[in-house]
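>>> generate coordinates for the sequence data below:
(2 chains)
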Number of protein chains: 2
Amino acid sequence: MHPAYNDLKRRLAEVDDLTSAAALLQWDQQTHMPEGGAEARGRQLATLQRLAHQKFTDEAIGELLDDLTGESAAWPYDSDEASLLRVTSREYARATRIPADFVAEVSSHAATTFSAWAVARPANDFASLRPKLEKSLELSRRYADFFPESAEPIDAHIANSDFGMTAASVGELFAQLRTELVPLVRVIAECPPIDDAPLYQHYPEDAQLRFGEEVARQLGYDFQRGRQDKTHHPFATKFSVNDVRITTRLDEKWLSEGLFGTIHETGHALYEQGVDARLEATPLALGTSAGVHESQSRLWENLVGRSRAFWKHFYGPLQELFPTQLGEVPLEAFYRAINKVQPSLIRTEADEVTYNLHVLLRFDLERALLNGELAVADLPEAWNGRMEADLGLTPPDDRNGVLQDVHWFDGFIGGAFQGYTLGNVMSAQFFAAAQSAHPEIPGQIETGRFDSLREWMRANIYCHGRKFTADELLRRATGGPLSITPYMAYLRRKYGELYGL
Amino acid sequence: MHPAYNDLKRRLAEVDDLTSAAALLQWDQQTHMPEGGAEARGRQLATLQRLAHQKFTDEAIGELLDDLTGESAAWPYDSDEASLLRVTSREYARATRIPADFVAEVSSHAATTFSAWAVARPANDFASLRPKLEKSLELSRRYADFFPESAEPIDAHIANSDFGMTAASVGELFAQLRTELVPLVRVIAECPPIDDAPLYQHYPEDAQLRFGEEVARQLGYDFQRGRQDKTHHPFATKFSVNDVRITTRLDEKWLSEGLFGTIHETGHALYEQGVDARLEATPLALGTSAGVHESQSRLWENLVGRSRAFWKHFYGPLQELFPTQLGEVPLEAFYRAINKVQPSLIRTEADEVTYNLHVLLRFDLERALLNGELAVADLPEAWNGRMEADLGLTPPDDRNGVLQDVHWFDGFIGGAFQGYTLGNVMSAQFFAAAQSAHPEIPGQIETGRFDSLREWMRANIYCHGRKFTADELLRRATGGPLSITPYMAYLRRKYGELYGL
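Numbering: from 1, shown residues only, chains lettered A, B, ... in the order given. Model prediction:
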């Protein structure tokens, strides 16, 4: 290979070492770090992130990319080499637009806003956060100004998490989805409610942890290259393709929290563990977008983990582990309980059908904020109005409304939510394509075999890392572009049966 | 303060962020990291260490130090400012002697040697390590060549861990000690052996961990600013003055391993948690030398943790926790068991009296290697001969002889052992000085109060970090220089009574 290519890879590996080290510092902060460590940890993270940004935006990298552009005409589009050059050039062009001072300003503002939010949320105090949120909005708009070619300010933020999507394309998809979901939620709300009381009993933490780890193992998560720890806000993270970790939060009074949380993070981790080792220590060794990442967490959590087939295999062992809690609860009743639909206030606890309405609301509001169509001062009222319109509920306070998610309070406003729903939509497309290639998948799941499904995902999605955009991946893997049809078909089939619609 | 001083502190804080991040990566590697993570972790650590070295040896730091040297004449010697300038100048002068290429060569050789040792030790295979060890010796001598003013090659290595000491001063002290210890060990060996069978029973791990944490807490270790994890080779580490962690190894068949290991690491951690927060993020925010650090781990482990007074307080709770194991064992029998003297093969498991003979042996051998008086090929024979001479034992194999410690197999040969015995010697000097200032200390220990002792240590040693050298600290805190007299008096008094000498 061209010497410039090797030089580029060496420089990118150094950046990767710094960002991976920062990821470990964050993992530790959210799992094991004693309280006292917080202040120094903030400083250490800022230093690592600053150095990583400096090293990545170094002019020498720009020159190497320029040198290689001439060479690359002969490289096949989907080769590792062409992909590395393409994706790195794209990222470099974006990163070098942002002045280092601006990065530092955002980072410092984000840290103080996050601390203020951690106090204001339990105190239900939106007013004290308002000036900080106004500053966040200003910074988010200034960030967008570095990309004047964008049609809307939010496009610059969407491009960071879901490259290739825009406010226009996301907005159109979400509008279609809302048209279908709002009536579906209404119809279900009129049905007799499902009894989910069996999930709300005492489930000892240790047993939950053991069961979750066993499920993760059977799904294919490799504990030689990963581990699970407890945390407050669950996440998956990676320090290398051979060290991909998951975290979980358990509620001894509610089984679903830990169980489906673990399966969700396992989905993220299967993706990262499945990236081809050849891409290690480059910008390609990562899931390609927020949406595709969520497609995997949601696929394993919902399409697999909340399916009847899955519990035909796992319910026996679960009953054995919790005989007093579940011994008398039939499989069908358990299956219905874990799929109960009920409009609720908190996104992260929402069922599959109502979940997306929470996301659509946030996307529309942040888009309006960035477009200057909504003032921060009017945000709580706008939030509550939309909750009433879409879910028929009015939050009793801001704590259970506009203050519930960390996303607007730890940096920019914009770009952090659309991936959740894009992921749901794509999960059904990928699942349908895998099933059509391997009609045996549902039967395998009933017997605890997940390899055909997982290997299809690995070969079609995971192994590529960031070589392809979400759109490219979708077309290669499913033969078509993003579409809500398979997802709505899945919801209508599953919930139609459950609620006898 | 002078603007150059603030600029210097800012640069030093950046170096500290990198070394603290590296320390966290190492902690994780030895506690939680899944197997698969090893390869990438080595790369990430090398990058952080290289960047830290680059940033610390930056010419700009040299210029700032020069600028400040003029200013500093008016600063009191023991002020934070004068101390920072003095210690940083010393370290800078040493670090800038070492070419970056040499650092990289050592780091890479150390990594392969360590991996080879991890395989060769259980296989009892000295022969395969010999070429690597010869290379280590060559690198260690080349390192010493960067300090041509040293009287002996090992001086350059001693200066890294125990600044102010030399082969001559350490050698003289150790020779005195050996003259006194060898006959003492012989006399004890002729006494009827103490029965330590009660320590070798089944002690469940969870209960051991709980007890160890309670002891650490009562000694004054602050779990808001620390935590304990399990590991294979216990250590204490710090990421900031408010995040100082300990690790422990438990043996369910032998109580002493975990119990005294935990107290030992707690001693190291009390030191680091006691460093003045004003020194944070500078080269001063660390224990001052290997010897002074060991003086604290060994003081808390042995002078406190293996004392009769300590167990008057803790033995009741220990018996309650392990009633079947210890319910019938009287306090005095337990006290005798934990202080049994018996020549043995492994340094880390040795009793207080024989322990130093293990260290002296290693120090003399590495000194001879570096001086060209001993060849690597002859090392096992020299080791075994000295074991026979000093302890009356011949190792049955190299695994239990020359291969037992990691120190010669993870980088340089030289400088890593003398601190253990310097620490033992100093521990008695510090303890005597604390007792003479606070005669109530032994009585307090009997009632589980450790504050007078700990606060004396904090005020006289811990808070200063690296402001003073070991010699300066000793003179300030005890009124005199390093001396074996208090240590030998302690051993003779304690073991004279135990063995009726």
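
>>> nearest residue to the residue in the stretch 51-200 of chain A that chain B sits nearest to in space, please, no chain neighbours.
Proximity of the stretch 51-200 of chain A to chain B (C-beta to the nearest C-beta) peaks at A:Leu51, 6.9 Å away. Heads up, the C-betas are built off the backbone N, CA and C, glycines and all. Distance criterion C-beta to C-beta, 6 or more residues apart in numbering or on different chains; nearest residue to A:Leu51, sequence neighbours excluded, is A:Leu18 at 5.5 Å.

>>> mind listing what's buried in the helix or strand harbouring the one you found?
Element membership for A:Leu18 (DSSP states H and E) is helix A:3-31. By neighbour count with 16 or more other C-beta atoms under 10 Å in any protein chain shown, helix A:3-31 contains the buried residues A:4-5, A:7-9, A:11-31.

>>> same check, this time on stretch A:478-493
Applying 16+ other C-beta under 10 Å to stretch A:478-493 flags A:Thr478, A:Leu482, A:Ser483, A:Ile484, A:Pro486, A:Tyr487, A:Met488, A:Tyr490, A:Leu491 as buried.

>>> next: stretch A:74-85.
A:Trp75, A:Asp80, A:Glu81, A:Ala82, A:Ser83, A:Leu84, A:Leu85.

>>> how far away is A:Gln319 from A:Glu328?
Look at A:Gln319 and A:Glu328: by C-beta to C-beta, to the nearest Å, they are 9 Å apart.

>>> no wait, A:Asp78
Here the criterion is C-beta to C-beta. By it, A:Asp78 lies 54 Å from A:Glu328.

>>> and A:Asn302, how close does it get to chain B?
27 Å (C-beta to the nearest C-beta, to the nearest Å).

>>> likewise A:Val402?
Applying C-beta to the nearest C-beta to A:Val402 and chain B gives a distance of 33 Å.

>>> so what's A:Tyr495 up against?
A:Tyr495 makes contact with A:Leu184, A:Ile188, A:Asn339, A:Val341, A:Glu352, A:Val353, A:Leu501, according to C-beta atoms under 8 Å, 6 or more residues apart in numbering or on different chains.

>>> tell me how far stretch A:321-339 lies from the chain's centre.
Counting by C-alpha atoms, centre = their mean, to the nearest Å, stretch A:321-339 is centred 29 Å from the centre of its parent chain.

>>> so what touches that stretch?
With C-beta under 8 Å, 6+ apart as the test, stretch A:321-339 has contacts from A:194-199, A:201-203, A:207, A:210-211, A:255-256, A:260, A:306, A:308, A:311-312, A:315, A:318-319, A:351-352, A:494-495, A:498.

>>> the helix or strand of chain A with the lowest mean pLDDT: what's the following helix or strand?
Every helix and strand in chain A was compared by mean pLDDT, DSSP states H and E; the lowest is helix A:100-120, with a mean of 87. Remark: after helix A:100-120, the chain's next helix or strand is helix A:126-145, criterion DSSP H and E.

>>> could you list the residues in contact with that following helix?
Against helix A:126-145 from outside (C-beta under 8 Å, 6+ apart): A:98, A:102, A:105-106, A:109-110, A:112-113, A:116-117, A:120, A:150, A:153-157, A:369-370, A:376-377, A:379-380, A:398, A:402-403, A:408-409, A:411-414.

>>> what do you get for stretch A:167-179?
With C-beta under 8 Å, 6+ apart as the criterion, stretch A:167-179 contacts A:151-152, A:154-155, A:158, A:162, A:356-357, A:360, A:363-364, A:367, A:390, A:418, A:421-422, A:425, A:482, A:484, A:488.

>>> list the contacts of the nearest residue to A:Asp28 once chain neighbours are set aside.
The shortest distance from A:Asp28 to any non-neighbouring residue, by C-beta to C-beta, 6+ apart, is to B:Leu24 (6.1 Å). Counting by C-beta under 8 Å, 6+ apart, B:Leu24 touches A:Leu24, A:Leu25, A:Asp28, B:Phe239.

>>> can I get those residues in a markdown table including distance to B:Thr324 and pLDDT?
As requested, these are exported to a markdown table (distance: C-beta to C-beta, whole Å; pLDDT from 0 to 100):
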| residue | distance to B:Thr324 | pLDDT |
| --- | --- | --- |
| A:Leu24 | 42 | 97 |
| A:Leu25 | 44 | 96 |
| A:Asp28 | 39 | 96 |
| B:Phe239 | 40 | 98 |
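
>>> how about the CA coordinates for the helix or strand hosting A:Phe310, as CSV?
Per DSSP H and E: A:Phe310 is located in helix A:308-321. Extracted in CSV, the C-alpha atoms of helix A:308-321 (Å, rounded to 0.1, in the frame of the first residue of the first chain):
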residue,chain,number,x,y,z
ARG,A,308,-43.5,-15.2,21.5
ALA,A,309,-40.8,-17.4,19.9
PHE,A,310,-38.1,-16.0,22.1
TRP,A,311,-40.1,-16.7,25.3
LYS,A,312,-40.9,-20.2,24.2
HIS,A,313,-37.2,-20.8,24.7
PHE,A,314,-36.5,-18.5,27.7
TYR,A,315,-39.7,-18.6,29.8
GLY,A,316,-39.0,-22.0,31.4
PRO,A,317,-35.6,-20.9,32.8
LEU,A,318,-37.1,-17.6,33.9
GLN,A,319,-39.9,-19.4,35.8
GLU,A,320,-37.3,-21.7,37.4
LEU,A,321,-35.4,-18.7,38.6
